[in-house]
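**Q** based on what follows, work out the 3D shape:
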Amino acid sequence: MPPEVKQGAMQHSIADLAKELGAVPGQVSGVLDELGLDHDQLQFKADADTLELIKDAVKEASSSKVIKLQPGRTPRDVAAAIGAADNEVLKALMTKVKVMATLTTTLEDEVAEKLAKHFGYEVQWVEPPKPKPKAEPTPAADEGKGESRPPVVTILGHVDHGKTSLLDYIRKTNVVDKEHGGITQHIGAYQVKVKDGTITFIDTPGHAAFTAMRARGANVTDIVVLVVAADDGIMPQTVESINHAKSADVPIIVAVNKCDLPTANPDKVMQGLTKHELIPEAYGGQVITVNVSALTGDNVDQLLEMILLQAEIMDLRADPKQPPEGVVIEAQLERGRGPVATVLVVNGTFKIGDIIVAGNAYGKIKAMSDWSGERLKAAGPAMPVEVLGLNTVPEAGDRVESAKNEKEARDLSEGRISDDRAVEYKHVKRKVSLKELITQTTGGGPKQLNLIIKADVQGSVEAVKGMLEKLDHPEVAVRVLHSAVGSVTESDILLAGASGAICVGFNVKPEGKAKQEAIRQKVEIRTYKVIYELVEDIEAALKGMLEPKFEEEYLGLIEVRAVYKLTKAGVVAGCHVTDGKVLRDAKCRVKRDNELVYNGTIESLRNVKQDVREMISGQDCGLRFVDWTDFKQGDIVEAFRMIQVD
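**A** Here you go, the predicted model:
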């Protein structure tokens with residue numbers, strides 16, 4: 001526990017204290033870290049008793065040539081720690097340690113140790129402070145206190161089920177807009193004022209953005225409205241939306257849309273919901289369902305009433321007098337305006353001129369406007385506003401809070417950047433992979449393996465899911481977060497990233513964007529064509545016996561154009577490479593009239609009389625196969641090789 005800083009504490013300079021005690025600034029910073037006291041690179045706050053405690057610890061530390069550093073430090077950090085000039089440290093780094101870098105380059109631990117050793121210091125590595133959790137802002141400081149606030153609603157559902165049409169109709173019914181003759185939506189969130197209250201809608205592109213924000217700890221949604229078409233029923237993206245909403249642990253209201261169509265079958269939707277543990281009120285459950293038509297407007301008012309009723313039950317509150325805080329819904333860099341952030345105010349009141357910090361960005365609010373483009377001087381709880389004045393573009397889901405002055409905001413921003421760099425370097429949140437699971441099961445790691453299953457047909461989905469859920473391991477339980485038909489999508493990766501899951505594909509492949517997102521999120525994707533290989537891999541991981549996985553890589557096609565019987569070489573196939581290439585010792589499949597006649601390995605590859613390693617498209621070659629000579633003119637040889645994948 002850090003020592004309690006009593007009243008009367010004053011600001012002290014790290015550099016001045018180091019000079020007074022004949023130490024280096026890094027030794028003072030190391031002592032402050034060890035005692036758990038907050039500080040930046042320049043100063044710290046302490047009362048008289050705490051200061052004496054710090055001095056004693058610094059004197060003890062300065063008796064040895066040891067400095068304490070966190071992992072992932074820069075040359076500038078090393079310079080501050082040993083009390084040397086930046087240019088001297090940078091010169092030593094390039095001339096003595098032979099590493100080219102700038103003052104802000106993150107150094108490997110070994111490089112930092114060599115650099116410090118050059119100045120006569122040893123490095124003692126200390127754990128970086130645990131990052132302050134980007135906790136979801138609470139609407140009111142105390143449960144039951146504050147003023148009632150509007151609910152924040154996100155609409156999710158399958159494509160073409162009428163999400164946009166429903167939002168458009170709701171916007172048209174806005175009683176305020178009738179006075180102004182319509183609206184223009186400028187930002188990705190807006191408010192609708194109806195007879196009995198106000199509702200804030202977050203206009204996201206779908207569950208992908210919904211989960212991307214949740215992955216950053218921004219559970220700003222109070223209620224999810226799930227739109228399902230009455231003529232189509234539960235579809236793959238509907239299931240994804242259900243799983244995303246469940247994972248966020250928010251109430252779900254189901255809007256059964258397109259009930260005006262002659263092919264509408266609301267009962268089919270009700271039955272489909274029960275299969276996903278959503279029991280409608282009509283079936284004795286607690287899930288509110290409303291049959292609506294976004295085209296005609298039937299029962300849309302009832303849907304809004306149900307949202308307000310659910311909000312009343314939840315007793316959503318916020319205190320406009322508290323220090324303001326919010327969440328970034330979206331942000332972008334606009335030409336002529338600079339960084340522009342859409343912020344949902346969660347508590348307190350933001351005003352023009354406030355100094356704010358949004359994640360690693362900071363600045364002074366120069367202008368605010370609401371969803372209709374109208375300029376605002378102040379914005380209270382549950383109001384979405386567009387904010388100008390930040391120094392850089394924050395990320396969606398970043399928490400927004402106020403600061404006393406610009407210096408405090410800048411220090412907080414720079415401190416977060418430094419902490420994030422250290423934590424990312426040394427303690428990056430790693431997503432679970434099957435190989436890592438082996439060591440984690442014996443080392444007190446996760447007790448649950450989360451999976452997302454995608455397959456080519458629904459029957460395969462059910463089969464894979466059923467077999468995996470039956471797997472039993474004393475240390476690790478298998479939990480299927482989401483299963484559906486179709487390729488592995490970007491949305492699947494976002495859900496996996498937020499939940500620490502592995503994506504498993506059966507007879508499907510990941511989309512291009514999904515692959516890129518998987519690399520960025522460090523999410524593992526594993527694809528299979530044989531169900532038992534899939535199950536055996538998961539089972540082997542649970543038991544700690546995972547074998548390397550190999551994948552087939554296509555090389556090329558070869559046509560057999562002649563058969564030669566040679567005295568020394570035996571029977572040789574005279575071939576022409578028609579596509580790609582062929583390698584010596586490659587695997588191959590030989591087809592005759594589209595039927596497989598041989599599956600084996602190429603024994604030798606020759607060009608004229610020379611053994612060669614590779615022949616490419618357009619070249620002629622001679623082939624011999626391992627233990628097979630029954631090839632004929634016209635045979636097609638497909639060459640491939642097996643490569644190990646992580």
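**Q** go ahead and confirm V224 touches A255.
**A** No - the pair V224 / A255 is not scored as a contact, 10.6 Å apart, by C-beta atoms under 8 Å. Every C-beta, even on glycine, is put in place using the N, C-alpha and C of the backbone.
**Q** between the two, tell me which one has more neighbours.
**A** A direct count of neighbours by other C-beta atoms under 10 Å for V224 and A255 places A255 higher, at 27 against 23.
**Q** distance of that one from H118?
**A** Using C-beta to C-beta, to the nearest Å, we find A255 at a distance of 68 Å from H118.
**Q** then L316?
**A** When L316 is compared with H118 (using C-beta to C-beta), they lie 59 Å apart.
**Q** ok, the two, which is more surrounded?
**A** For the pair L316 and H118, the greater number of neighbours falls to L316 (21 against 15), based on other C-beta under 10 Å.
**Q** what about stretch 537-552, average pLDDT?
**A** Averaged across stretch 537-552, the pLDDT comes to 69.
**Q** er, stretch 10-23 actually
**A** Mean pLDDT, computed over stretch 10-23, is 80.
**Q** chain center to it: distance?
**A** 42 Å (C-alpha atoms, centre = their mean, to the nearest Å).
**Q** what's next to it, contact-wise?
**A** 24-25, 27-29, 32, 39, 41-47, 51, 54-55, 58-59, 61-62, 83 (C-beta atoms under 8 Å, 6 or more residues apart in numbering).
**Q** mind running it again at 6 Å?
**A** Surrounding stretch 10-23, the residues in contact under the criterion C-beta atoms under 6 Å, 6 or more residues apart in numbering are V24, P25, V28, Q43, F44, K45, V58, K59, S62.
**Q** please list the members of the residues you listed that lie in helices.
**A** The helices, defined by DSSP state H, take in P25, V28, V58, K59, S62 from those.
**Q** quick check: E401 touching E325?
**A** Yes - under the criterion of C-beta atoms under 6 Å, E401 is in contact with E325, at a separation of 4.9 Å.
**Q** which of the contacts of stretch 10-23 are buried? Put it as a PyMOL command.
**A** Selecting just the buried residues from the contacts of stretch 10-23 in PyMOL takes one command, with 16 or more other C-beta atoms under 10 Å as the test:
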select buried, resi 24+25+28+44+58+62
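**Q** okay, now the domains of the chain?
**A** Residue ranges for the domains of the chain, per automatic domain parsing: 10-125, 147-315, 325-426, 434-547, 551-645.
**Q** tell me the SS of A331?
**A** strand (DSSP: H, G, I helix; E, B strand; the rest coil).
**Q** could you check how far it is from N391?
**A** 12 Å.
**Q** same question for S13.
**A** In this structure, S13 and N391 are 26 Å apart, going by C-beta to C-beta.
**Q** that's a helix at V572, yeah?
**A** No - counting by three-state DSSP, V572 is not part of a helix but strand.
**Q** for it, what are its contacts?
**A** Going by C-beta under 6 Å, 6+ apart, V572 touches Y564, L566, G622, R624.
**Q** output the contacting helices and strands for the helix or strand where the third one lies.
**A** Spelled out, it's G622. Assessed by DSSP states H and E, G622 sits inside strand 620-625. Other helices and strands packing on strand 620-625, by 3 or more C-beta pairs under 6 Å, 6 or more residues apart in numbering; DSSP states H and E, are strand 570-583, strand 595-607.
**Q** so in that sheet, which strands flank the first one, and in what orientation?
**A** Which is strand 570-583. Based on DSSP bridges, the pairing partners of strand 570-583 within the sheet are strand 549-566 (antiparallel), strand 614-616 (antiparallel), strand 620-625 (antiparallel).
**Q** by mean pLDDT, which helix or strand of this protein comes out lowest?
**A** Averaged element by element with mean pLDDT, DSSP states H and E, the chain has its least confident helix or strand at helix 175-180 (a mean of 39).
**Q** from the chain's centroid, how far away is stretch 221-233?
**A** Distance, stretch centre to chain centre, for stretch 221-233: 25 Å (C-alpha atoms, centre = their mean).
**Q** show residues contacting it.
**A** The set of residues external to stretch 221-233 that reach it, using C-beta under 6 Å, 6+ apart, is 151-157, 161-163, 166, 238, 241, 245, 250-259, 261, 263-264, 266, 268-269, 272, 310.
**Q** separate out the buried members of those.
**A** Burial by neighbour count, 16+ other C-beta under 10 Å: within the contacts of stretch 221-233 this picks out 151-157, 161-163, 166, 238, 241, 245, 250-259, 264, 266, 268-269, 272, 310.
**Q** hang on, the earlier thing: more crowded one of E401 and E325?
**A** Legend: neighbour count by other C-beta under 10 Å for E401 and E325, higher for E325 (21 against 16).
**Q** so who does P394 touch?
**A** The contact partners of P394, by C-beta under 6 Å, 6+ apart, come to V328, A331, A341, A358, G359, A361.
**Q** and it, how far from V328?
**A** As defined by C-beta to C-beta, P394 lies at a distance of 5 Å from V328.
**Q** can you tell me the helix or strand for the most centrally placed residue in the chain?
**A** The C-alpha lying nearest the average C-alpha coordinate of the chain belongs to G497 (C-alpha atoms, centre = their mean; 4.5 Å). Under the criterion DSSP H and E, the helix or strand holding G497 is helix 490-499.
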